[in-house]
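Trainee: Coordinates for the following, if possible.
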Amino acid sequence: MAWTWTIQPPTLTEEAKHHRHTTINLYALTAHASSLTPLLFALVIKLVLVTLTQKTYVPIPTSPSAKAQRLTRARRVRDALVRLRWWLDDDVGFGRRDEWLAGIVWLSWLLFLSIHGTGTDFLHFTKRLGAVAVSQLPAQYALSLKALNPYALAFTSSHERLNRFHGVLGRVIAVLLALHVACYNYFFVVVGIWPSRLLDRVVVYGLVAVVAVLALYLTTLTSVRRASYRLFFITHVIVALLVPPLIFFHAPSTRIYLIESLLAILADLSVRKLRSITSPSTLNLVPDAALVAIEAHVPPRFLRSVSASPGSHVYLSIPPGSSRDSSVSRAFDFLHNPFSVAFVDDRRGSITLVARLRQGPMTRTLARLASSAGKVPLTIDGPYGSVARRLVGWSPSRIVVIAGGVGATFCLPLYRFLREQLPTTTRVRLVWSVRTLADAAWASDAGLLPPDDEHDDEHDHDHDGFQLYVSGRPLAPALQDTADTDPAVELRPLRKALPPRHHRGRPHLDEVVDSVFRQGVEDSVAVLVCGPVEMAAHVRGCVRPWAMRGRDVWWHSESFGS
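Mentor: Now for the predicted structure:
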């Protein structure tokens, strides 16, 4: 490779052009194949883990000195891997450390494939940049899939956990395409055909595709996404469907990658369409809380699927004919909002979702529909993202589940499932923090709150069981008046004086976490949190010192439903 390129009008022979075309295709294919290596890597890791776990049982010694002697080389390696995993997962600003490292490594690899062997041919380098970028689109689309995500299957992970690497790869592709456009424009200027060359149809296709990708990248910025998730989502869908046809006519040699991408997304959409159900639903506003409870009656097969996946979530959309907000009616064709399944009622054949009312079109319309009588048809796709079965398979010694506000829609069913499935020797603690008791009314009505007399030993209260913390007023005055005058409002347990396991104020999460880890230096601990971003970050900060000491920790932060 030369560090200076020759920039001149194309004067290559047909044989030289064919050789360049073949070389570009070869390097693009190499880049495409390398995007599949994580799948192979995941399979190898699984085989290694299976081999390591097939060992004879060794009883845990009781004396502290004997326990200390068990810190063998394998244990020290495991501890080092735990510390490395937590170090990689730290937030370093605009993403986590592993995202930055993965992005830098992958961009460097793709740039190497774009430069290697180009010699002094600047146009060869420019063309290869575009081909290598397009070769990553199948992996990019595959990472975005919900029902047929091969990476989720290989890593035994959820779409939500892998979605951040979908964003990383998207930024890498955007950088390569931006370089491709910049180099081509520079070439046009040097050879004296700019800007007339920009009016050629094949160039217009490419420019529109790149502008669309860059516009999509801008909508992924946190500030834009928070200001208008609708803009982010609609732009995502339109660009995902628009870019492949544009590049199809812009660069015919890359069509195989575009066909792969479109087939992947169309197959996923088809499966999700077949799995989705339109359910007659009852919507109720929770008094004195900015919440709406949705009870959807679902078919038995769907009910069984959700029952087998506690802590899972579904995607909710409002179909045509459901009295959608006319001002944003077309937007609902693109909106599929995630909600955790808070409660499964086998007797009534229904599931319950709880949504916090915000300024977006979805929850605003749900609130309006809740004010009207009768059932409303809603489309439900799922379930997705349950960690319950994998957590039970890991079989930790201690578990602490921390919920903030409506994050209990994920935590409460998960807590009940863990108490039922794990041995009685496993300590499971649930801490739920709400602003007012009205925020917990939906759980009380559904019978989800664990009984107050679940354990009689007061000594265990700090390490086991359920605690509800109320940071604001114990009961809003309006709710108190309604409960006193309307016998249909079933909030009796919440209007009583706070029982021992219900506390005023905010929970001291550092003490909650420390109390779990102090009980047994070799005990494995699982920490799960679902709530505001600040709460999840604080809990992670409390767990991190223990993980960096090499403690065996299962960490899960649920981002949906918070």
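
Trainee: Which SSE is immediately downstream of whichever strand or helix holds Leu143?
Mentor: For Leu143, the element it lies in under DSSP states H and E is helix 137-144. Using DSSP H and E, the helix or strand that follows helix 137-144 towards the C-terminus is helix 150-154.

Trainee: which other helices and strands contact that following helix?
Mentor: helix 37-53, helix 137-144, helix 159-191 (3 or more CB pairs under 8 Å, 6 or more residues apart in numbering; DSSP states H and E). The way it works is simple: take the backbone N, C-alpha and C, and place the C-beta from them, glycine included.

Trainee: Turn those helices into TSV, columns for mean neighbour count and mean pLDDT.
Mentor: Below are those laid out as TSV (neighbours: other CB atoms under 10 Å; pLDDT from 0 to 100):
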stretch	mean neighbour count	mean pLDDT
helix 37-53	11	80
helix 137-144	23	94
helix 159-191	18	91
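
Trainee: now those helices as CSV including distance to Val431?
Mentor: As requested, these are arranged in CSV below (distance: least, CB to CB, whole Å):
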stretch, distance to Val431
helix 37-53, 31
helix 137-144, 34
helix 159-191, 23
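
Trainee: Out of the ones you listed, which gets nearest to Val354?
Mentor: helix 159-191 (18.7 Å; CB to CB).

Trainee: tell me the angle of the helix or strand that that closest one is followed by relative to helix 159-191?
Mentor: As assigned by DSSP H and E, the chain's next helix or strand after helix 159-191 is helix 201-219. Orientation check (axes from the mean of the first three to the mean of the last three CA atoms, to 10 degrees): helix 201-219 against helix 159-191 gives 140 degrees.

Trainee: got the CA positions of helix 201-219 in CSV?
Mentor: Taking C-alpha atoms only, helix 201-219 is exported to CSV below (Å, rounded to 0.1, in the frame of the first residue of the first chain):
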residue,chain,number,x,y,z
ARG,A,201,-28.7,9.2,-12.0
VAL,A,202,-26.4,6.5,-10.6
VAL,A,203,-24.7,9.2,-8.4
VAL,A,204,-27.9,10.6,-7.2
TYR,A,205,-29.0,7.2,-6.0
GLY,A,206,-25.9,6.9,-3.9
LEU,A,207,-26.1,10.5,-2.5
VAL,A,208,-29.7,10.1,-1.4
ALA,A,209,-28.8,6.8,0.3
VAL,A,210,-25.9,8.3,2.2
VAL,A,211,-27.9,11.4,3.2
ALA,A,212,-30.6,9.0,4.5
VAL,A,213,-28.1,7.0,6.5
LEU,A,214,-26.6,10.2,8.0
ALA,A,215,-30.1,11.5,8.8
LEU,A,216,-30.8,8.2,10.6
TYR,A,217,-27.6,8.6,12.6
LEU,A,218,-28.6,12.0,13.7
THR,A,219,-31.9,10.7,15.0
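
Trainee: Which elements pack onto it?
Mentor: Judged by 3+ CB pairs under 8 Å, 6+ apart, helix 201-219 is in contact with helix 159-191, helix 229-250.

Trainee: by contact count, what packs against the helix or strand that the last one is followed by?
Mentor: This points to helix 229-250. Going down the chain from helix 229-250, the next helix or strand is helix 255-275, by DSSP H and E. Using 3+ CB pairs under 8 Å, 6+ apart as the contact criterion, the elements in contact with helix 255-275 are helix 122-135, helix 137-144, helix 229-250, strand 376-384.

Trainee: Looking at helix 255-275 now, give me its mean pLDDT.
Mentor: Mean pLDDT, helix 255-275: 92.

Trainee: Regarding the residue nearest to Ser471 when sequence neighbours are not counted, which helix or strand does it belong to?
Mentor: The shortest distance from Ser471 to any non-neighbouring residue, by CB to CB, 6 or more residues apart in numbering, is to Arg506 (4.9 Å). Using DSSP H and E, Arg506 sits within no helix or strand.

Trainee: burial count for the closest residue to Tyr229 other than its chain neighbours?
Mentor: Among residues not flanking Tyr229 along the chain, Gly360 sits closest, at 6.3 Å (CB to CB, 6+ apart). Using other CB atoms under 10 Å, Gly360 has 16 neighbouring residues.

Trainee: Just confirm Gly360 contacts Phe232, I think it does.
Mentor: No - between Gly360 and Phe232 there is no contact under CB atoms under 8 Å: 11.3 Å.

Trainee: how near is Gly119 to Trp5?
Mentor: 8 Å (CB to CB, to the nearest Å).

Trainee: do Trp100 as well
Mentor: The gap separating Trp100 from Trp5 is 30 Å, by CB to CB.

Trainee: With just CA atoms, put the helix holding Leu143 into PDB.
Mentor: The C-alpha coordinates for helix 137-144 follow below in PDB (Å, rounded to 0.1, in the frame of the first residue of the first chain):
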ATOM      1  CA  LEU A 137     -25.700  -4.200   6.000                       C
ATOM      2  CA  PRO A 138     -26.800  -7.900   6.400                       C
ATOM      3  CA  ALA A 139     -25.200  -8.000   9.800                       C
ATOM      4  CA  GLN A 140     -26.600  -4.600  10.600                       C
ATOM      5  CA  TYR A 141     -30.100  -5.700   9.700                       C
ATOM      6  CA  ALA A 142     -29.700  -9.000  11.500                       C
ATOM      7  CA  LEU A 143     -28.800  -7.300  14.700                       C
ATOM      8  CA  SER A 144     -32.000  -5.200  14.500                       C
END
